[in-house]
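Peer 1: pasted the sequence and its predicted model underneath.
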Amino acid sequence: MKKLVLLSTTIIANLFAYSQNLTINGEIEQPTGSSVYLYISNPDRTKTYLDSAALDENGRFQLKAELENTTQVVFTDGNENTQLIASPGDALHMTVNTRFFDETISFTGKGAEKYTALSHLYLINETITQALLNSVEKADTNEAIATFNTSYDVYLLLAEDYKLKHTELEEYITTIQNNAQKYRTSLINYYRSEKEFSAVINALKNTHIVDFKGVNLEGKTAKLSDFKGKLTVLDFWATWCGPCRAEFPAYKKLEEKYGEEINFVSVGVYCKEEEWKKMASKEGFKNNIFLSKEVQDQIKELRVDFIPRYIVLDENHEIIDAMAPRPSSGKLQGYWE
């Protein structure tokens, strides 16, 4: 009899443990991939995956994870992601349309209220942050910062309301509150630097670009003026730059299609010459210039502070756009089509 009682207790305990699992099922409209994932983002920037699931033909999925306590996890479709404060026993139904991922994500089911509150905080923070950054070329600096500060103060009041209502979010929201001044200061400083950078870029328009000199793949002197007489597209890149390499296919398609009438000049910067030569040769760029560290002061006035960077010049090498769209955007060819 004692064994039977113990066995029954074990079964009940196991059922209770299973009932404390996190489950998330739902649908993704307009999926950009074939699977979804649930993971924990570790302090060392590694990921501990909890579960993954393939989408069915209707974009439906189901994820499960064993949790011992309330934990911050990340849901991703492989393209975009959202952070969740997940608790043992939460059983959610989630829907999202990838065309507007954050704006359309919604939750129902056990624990849904705190997930909805969290998504509100994410979206509001993103909205007021983006509103400030989008005003770089439009608004008066002091006015834009004052508007942001007012909105951010209200956002912090909302966060406090949610912390009181949803105790599971207390640790997460307390972190937001503790870091609020640091976040506010760093964002405003970034905005000011972008404002200053934008003014410099705008001032470059219709000015004659410096005739910088470097070397080509044969090790001979190559200068920008070698490519006068045609509209010219400059592509500044480095061997270690992932976003630069991601643009290569679109860049080469433009070069193949318009290379007879447009100069596409690939400019290697901020990397070692031998590594540049190997990659530029492999990619097969038609026109190449490499600027070593010793001669990069030539382009100081262009403010190539980040890469990839694209500059469009007219036939006389006056700057049409010092911050042209990336090739993959489909907008770059708008300067000559």
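Peer 2: Received it, and whenever you're ready, just let me know what you need.
Peer 1: could you say which helix or strand holds residue 131?
Peer 2: Here residue 131 is covered by helix 112-134, with elements defined by DSSP states H and E.
Peer 1: averaged pLDDT, that helix. What do you get?
Peer 2: Helix 112-134 comes out with an average pLDDT of 94.
Peer 1: got the contact list for it?
Peer 2: With contacts defined as C-beta atoms under 8 Å, 6 or more residues apart in numbering, helix 112-134 is touched by 82-85, 87, 90, 92-94, 102-103, 105-107, 144-145, 147-148, 151-152, 155, 158-159, 162, 165-166, 168-169, 172-173, 176, 187-188, 190-191, 194. For every residue, glycine as well, the C-beta is placed using N, CA and C.
Peer 1: for stretch 142-159, same thing?
Peer 2: By C-beta under 8 Å, 6+ apart, the list of residues contacting stretch 142-159 from outside reads 120-121, 124-125, 128-129, 131-132, 135, 139, 173, 176-177, 180, 184, 187-188, 191.
Peer 1: mind running it again at 6 Å?
Peer 2: With C-beta atoms under 6 Å, 6 or more residues apart in numbering as the test, stretch 142-159 has contacts from 124, 128, 132, 135, 173, 176, 180, 188.
Peer 1: hmm, back to that, buried ones in the helix holding residue 131?
Peer 2: Judged by neighbour count (16 or more other C-beta atoms under 10 Å), helix 112-134 contains these buried residues: 112, 114-115, 117-119, 121, 124-125, 128-129, 132.
Peer 1: can you add distance to residue 329 and give these back as a markdown table?
Peer 2: A markdown table is the format used below for the buried residues of helix 112-134 (distance: C-beta to C-beta, whole Å):
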| residue | distance to residue 329 |
| --- | --- |
| 112 | 37 |
| 114 | 38 |
| 115 | 34 |
| 117 | 36 |
| 118 | 32 |
| 119 | 29 |
| 121 | 31 |
| 124 | 28 |
| 125 | 26 |
| 128 | 26 |
| 129 | 22 |
| 132 | 23 |
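Peer 1: domain boundaries for this protein, per the record?
Peer 2: As given by automatic domain parsing, the domain ranges for the chain are 20-190, 213-335.
Peer 1: need the contact list for residue 178.
Peer 2: Contacts of residue 178 (C-beta under 6 Å, 6+ apart): none.
Peer 1: circling back to that earlier point, can you name the next helix or strand after the helix holding residue 131?
Peer 2: Using DSSP H and E, the helix or strand that follows helix 112-134 towards the C-terminus is helix 141-165.
Peer 1: and that next one, average pLDDT?
Peer 2: Taken as a whole, helix 141-165 carries a mean pLDDT of 96.
Peer 1: mind listing what's buried in it?
Peer 2: Buried positions in helix 141-165, judged by neighbour count with 16+ other C-beta under 10 Å: 144-145, 148, 151-152, 155, 159, 162-163.
Peer 1: export the domains of the chain to JSON lines and tack on distance to residue 206?
Peer 2: Below are the domains of the chain laid out as JSON lines (distance: least, C-beta to C-beta, whole Å):
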{"stretch": "domain 20-190", "distance to residue 206": "17"}
{"stretch": "domain 213-335", "distance to residue 206": "6"}
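Peer 1: greatest separation within the contacts of stretch 142-159: which pair is it?
Peer 2: Using C-beta to C-beta, the contacts of stretch 142-159 span at most 27.2 Å, a distance reached by 135 and 173.
Peer 1: just want to know which of these two has more residues nearby.
Peer 2: For residue 135 versus residue 173, neighbours defined as other C-beta atoms under 10 Å are more numerous around residue 173 (22 against 19).
Peer 1: ok so, going back, out of the domains of the chain, which is closest to residue 198?
Peer 2: Checking the domains of the chain against residue 198 by C-beta to C-beta gives domain 20-190 as the closest, at 5.2 Å.
Peer 1: please enumerate the strands of the stretch 1-150 of the chain.
Peer 2: All strands of the stretch 1-150 of the chain, identified by DSSP state E, counting those that start in this stretch, fall at 22-29, 35-41, 47-54, 60-65, 71-76, 81-86, 91-97, 106-110.
Peer 1: ugh, wrong one, the stretch 201-337 of the chain
Peer 2: Under DSSP E, counting those that start in this stretch, the stretch 201-337 of the chain gives strands at 213-215, 221-223, 232-237, 263-268, 287-290, 309-313, 319-321.
Peer 1: among these, which is the most enclosed?
Peer 2: With neighbours taken as mean count of other C-beta atoms under 10 Å, these reach their highest mean count in strand 232-237, at a mean of 25.
Peer 1: so what strands line up beside it?
Peer 2: Here strand 232-237 has these sheet partners by DSSP bridges: strand 263-268 (parallel), strand 309-313 (antiparallel).
Peer 1: how about JSON lines for the contacts of stretch 142-159, with distance to residue 23 added?
Peer 2: What follows is those, written out as JSON lines (distance: C-beta to C-beta, whole Å):
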{"residue": "124", "distance to residue 23": "28"}
{"residue": "128", "distance to residue 23": "33"}
{"residue": "132", "distance to residue 23": "38"}
{"residue": "135", "distance to residue 23": "42"}
{"residue": "173", "distance to residue 23": "25"}
{"residue": "176", "distance to residue 23": "27"}
{"residue": "180", "distance to residue 23": "34"}
{"residue": "188", "distance to residue 23": "42"}
